[in-house]
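Peer 1: Could you look at this predicted model? Sequence included:
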Amino acid sequence: MPSPPTAKRPKPKPRATAQRVDRWLQWLPAATTIILSIPVFLLPFLWDDFDFLARAQTLRLRDLLPATTETLYRPLSREVYFSLVNLLGRGSPLVAHAMNAALAASCCLLLVSFIRRFSGTRAGIIGGFIFSAAAGVPLLVGWISGSQDLLCILFALGSYLLLASGRVVLGTLLFGAALFSKETAAALMPAMLAVTVLAAPRSPGRVLKASALFIAVLGVWAMVHPWTHRLMTHKEAGDVNQYVSFRGTGTLGGLIRGLPSLFNVSPASGHAWHIGIIASALLASGVVALGIRQAWLTRSEEVAVTPRNQNLLPIVGVLTTAGPFLLTSAFIAHWSVYYAGISAVGIAMIVAPFLSRASWLVATLFVTMFLWMGVISRMAVVAPEVPAEQNLRAIAPGLQRIQREIKSLQPDLPHEAGVYVYIQAPGTHGAYDSIYKNQPLKVWYKDSSIEVRDPLHLLPRGREEFLFWISTQLDVFEIDPNTLQARSPGPAAAFPEYQKTLRAFALGLAGRGETDRAVSILTGMLQFSDYLKAYDRRSAAALLYAAGRNGEADRLLTTTTPFARKDAISEVAGLIAKPIPGLALDQGAFRAFGLAPADTTAWRDIMSSLERGGYHESASRVARRLLILVPGDLEATRLLGRTQS
């Protein structure tokens, strides 16, 4: 009996299969972006993150408007985005990192889509992998403030895609969103015009419409932006800040410093090897090899190439690379690889079409090499003031420890608390810079009314006050401002550090007008050294002289051990090194330490000591005093010339 005929399975449609694989492939570059960013997910909030989060806690609609006190205006990437971080994250850095990672992955997907539109799937996948391998992208995920660059890239790529589809109005609106995320977007306008001209059949009306809309958006942005508004109204624009300012002839130096970052290279000689970065790079390399191999095995869709758009990716890529790179080089003093994040989009557009025509092995080797150059750049040791992943990683443990110990000593702080922190840890770009400049306690305690100051710069009376010091080992100690008793969540307090903190607090009290309380602290402090006892009593006398209470100061000095002249000059230099608001201490310190007010040699020695120590404001003040005593003094004149240049 013949067997029944077996039903034949229909053969899968090659095109449908290719489309499914294509959809799967386009996610691999985005996945690679997240994989390479995994090591930064454990970083806490750092640097500018605290500023933006504190503002988000009290955000009002009027805060979205430009303020004359600000020089950068980025309402979308600062006020709006950090309000979302504050709302969704509830103080969790991990949630914030996940949000930034989602932005980075979205940028990658848009880039793949744009490149694929004009050069096919292979080029799109290659371009996405190149962007994901850029050394600056993980930093943009790990530093929450990197959202400014990510949103700028996201909106710019969205604008490219809309303009390529002929949707000029929506594309222009996204250009505006990119501008209000980061000023660098202004340098992308030529690239957007190129997309408008090259992506569709010739249409002079369409090009004119797009040009008019771009100019209108750029004009509105320039009129409301605080810095450009001051330039256009002929008011003093000044520098954006000490870090961002027009470099003039220094632009060439910026170009030279920044050029290696376009190739994922950091010129640093030292590296801090990180196992997490290396492990994630190994995994990402596997994903890159898998994605490229599969893209070469899958039948790619045909791309309609016309004489007009066949050069679109190279032209737009060059403009996208060069515009932000030139603008950044003209304004940034210390180059970081993350500044090349926007330019990496252009690099991907330039390189991807060429690699898509090579063998899969050549493409894989190129992208993998680019990825590993970025890995090495991420671990480069650079100057502390440079925004770099390694610097974030170096600062993070200390800041996390400080947060933990301060909250152990004070689980809660009252509204409008005045917190005085005396930082004895070395370095100016770690805890010192973060605590005072970025005000992290506003975020740690979820209360923007809390104010942190150095004890030398006390707030007006009326707030509940707390006094801490941070040791050289980053241990945190608290002193009760009333009883002067110290406590710690861990090790015993080091007595010299306790004394230094109280001396700073006493000077701050004197500057606030509480001379009696300051003198009481200095003269009543427990002492184990006759030298330091004499130093504190003479410091108290200096405060009395500064307050015009000469008789009390004279009586105090009659029972105080005198200093040798050399020691007196050294101690006066240390006492007056840091300016204290409300306290003119120089002449009182001279009298208290036994130096004649007209002793020009002493003034000159102190001036030189202050300049060597980096106390330029106080050195200039002493130089002006010396010029009163010795008109035309050469050393004082030269010093003032150096500090004013």
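Peer 2: That came in fine, so what should we check first?
Peer 1: from here on, contacts and neighbour counts on C-alpha atoms
Peer 2: Fine.
Peer 1: Next, report how far stretch 112-122 is displaced from the centre of its chain.
Peer 2: On the basis of CA atoms, centre = their mean, to the nearest Å, stretch 112-122 sits 34 Å off its chain's mean C-alpha point.
Peer 1: now stretch 505-513
Peer 2: Distance of stretch 505-513 from the chain centroid (CA atoms, centre = their mean) equals 33 Å.
Peer 1: Which element is encountered next along the chain beyond the lengthiest helix in the chain?
Peer 2: Counting by DSSP state H, the longest helix found in the chain is helix 93-132. Next helix or strand after helix 93-132 toward the C-terminus (DSSP states H and E): helix 136-142.
Peer 1: hmm, who's touching that following helix?
Peer 2: 33, 36-37, 40-41, 43, 97-98, 100-101, 104, 131, 146-147, 149-150, 337-341, 378, 388-389 (CA atoms under 8 Å, 6 or more residues apart in numbering).
Peer 1: With stretch 192-207 instead?
Peer 2: 159-160, 163-166, 168, 210-211, 308-309, 312, 315-316.
Peer 1: Which helix or strand in the protein has the lowest average pLDDT?
Peer 2: Ranking every helix and strand in the chain by mean pLDDT, DSSP states H and E puts helix 14-25 at the bottom, with a mean of 62.
Peer 1: one step back: the contacts of stretch 192-207 in helices, which ones?
Peer 2: Mapping the contacts of stretch 192-207 onto helices (DSSP H) picks out Ser159, Tyr160, Leu163, Ala164, Val168, Ala210, Ser211, Leu312, Ile315, Val316.
Peer 1: And those residues, which two are furthest apart?
Peer 2: Between any two of the ones in helices among the contacts of stretch 192-207, the greatest separation by CA to CA is 19.3 Å, found for Val168 and Ile315.
Peer 1: More neighbours: which of these two?
Peer 2: Counted by other CA atoms under 10 Å, Val168 and Ile315 do not tie: Val168 has more neighbours, with 22 against 19.
Peer 1: ok, that one touching Leu162?
Peer 2: Yes. Using CA atoms under 8 Å, Val168 is in contact with Leu162, at 6.8 Å.
Peer 1: still on that earlier bit, cross the contacts of helix 136-142 against helices and list the overlap.
Peer 2: 33, 36-37, 97-98, 100-101, 104, 131, 147, 149-150, 341, 378, 389.
Peer 1: Tell me, please, where in the stretch 1-150 of the chain the pLDDT is lower than the cut-off.
Peer 2: Residue ranges of the stretch 1-150 of the chain with pLDDT under 70: 1-22.
Peer 1: about what we covered before: what's the farthest-apart pair in the ones in helices among the contacts of helix 136-142?
Peer 2: Once CA to CA is applied, those give Ala98 and Arg378 as the farthest pair, at 19.6 Å.
Peer 1: So which of those two has more stuff around it?
Peer 2: A direct count of neighbours by other CA under 10 Å for Ala98 and Arg378 places Arg378 higher, at 28 against 19.
Peer 1: so who does that one touch?
Peer 2: Going by CA under 8 Å, 6+ apart, Arg378 touches Ala135, Gly136, Ala388, Glu389, Gln390.
Peer 1: same question, Tyr545
Peer 2: Ala553, Gly588, Ala589, Arg591, Ala592.
Peer 1: Going by distance to Leu507, which of those wins?
Peer 2: After measuring these against Leu507 - CA to CA - the closest member comes out as Ala589, at 12.2 Å.
Peer 1: What is the neighbour count of the closest one?
Peer 2: When neighbours are counted by other CA under 10 Å, Ala589 registers 28.
Peer 1: gap between Leu639 and Ala584?
Peer 2: 21 Å (CA to CA, to the nearest Å).
Peer 1: How about Gly286?
Peer 2: Distance from Gly286 to Ala584, by CA to CA: 66 Å.
Peer 1: same check, this time on Arg393
Peer 2: Relative to Ala584, Arg393 is positioned 41 Å away (CA to CA).
Peer 1: now do Gln57
Peer 2: Gln57 is 38 Å from Ala584, where distance means CA to CA.
Peer 1: Is Trp603 in contact with Leu626, as I believe?
Peer 2: Yes. Using CA under 8 Å, Trp603 makes contact with Leu626 at a distance of 6.5 Å.
Peer 1: shaky segments in the chain?
Peer 2: Residue ranges of the chain with pLDDT under 70: 1-22, 201-202, 229-251, 253-254, 299-309, 333-334, 426-430, 645.
Peer 1: give me that answer again for 50
Peer 2: Within the chain, the stretches with pLDDT under 50 are 1, 6-13, 237-243, 247.
Peer 1: who touches Tyr420 in this structure?
Peer 2: Tyr420 sits next to Val452, Arg453, Asp454, Pro455, Leu458, Glu465, Phe466, Leu467, Phe468 when contact means CA under 8 Å, 6+ apart.
Peer 1: At which residues are the helices of the stretch 451-600 of the chain located?
Peer 2: Along the stretch 451-600 of the chain, the segments classed as helices by DSSP state H, counting those that start in this stretch run 495-511, 515-524, 530-546, 550-558, 565-575, 586-592, 600-612.
Peer 1: I'd like the ones you listed laid out as JSON lines, including distance to Phe477.
Peer 2: Conversion of the helices of the stretch 451-600 of the chain to JSON lines gives the following (distance: least, CA to CA, whole Å):
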{"stretch": "helix 495-511", "distance to Phe477": "9"}
{"stretch": "helix 515-524", "distance to Phe477": "18"}
{"stretch": "helix 530-546", "distance to Phe477": "22"}
{"stretch": "helix 550-558", "distance to Phe477": "31"}
{"stretch": "helix 565-575", "distance to Phe477": "23"}
{"stretch": "helix 586-592", "distance to Phe477": "30"}
{"stretch": "helix 600-612", "distance to Phe477": "29"}
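Peer 1: And those helices: which comes nearest Met369?
Peer 2: The closest of the helices of the stretch 451-600 of the chain to Met369 is helix 600-612. By CA to CA, the value is 46.1 Å.
Peer 1: now Cys107, nearest residue through space, not along the chain?
Peer 2: Using CA to CA, 6 or more residues apart in numbering and skipping the chain neighbours, the partner closest in space to Cys107 is Leu154 (5.0 Å).
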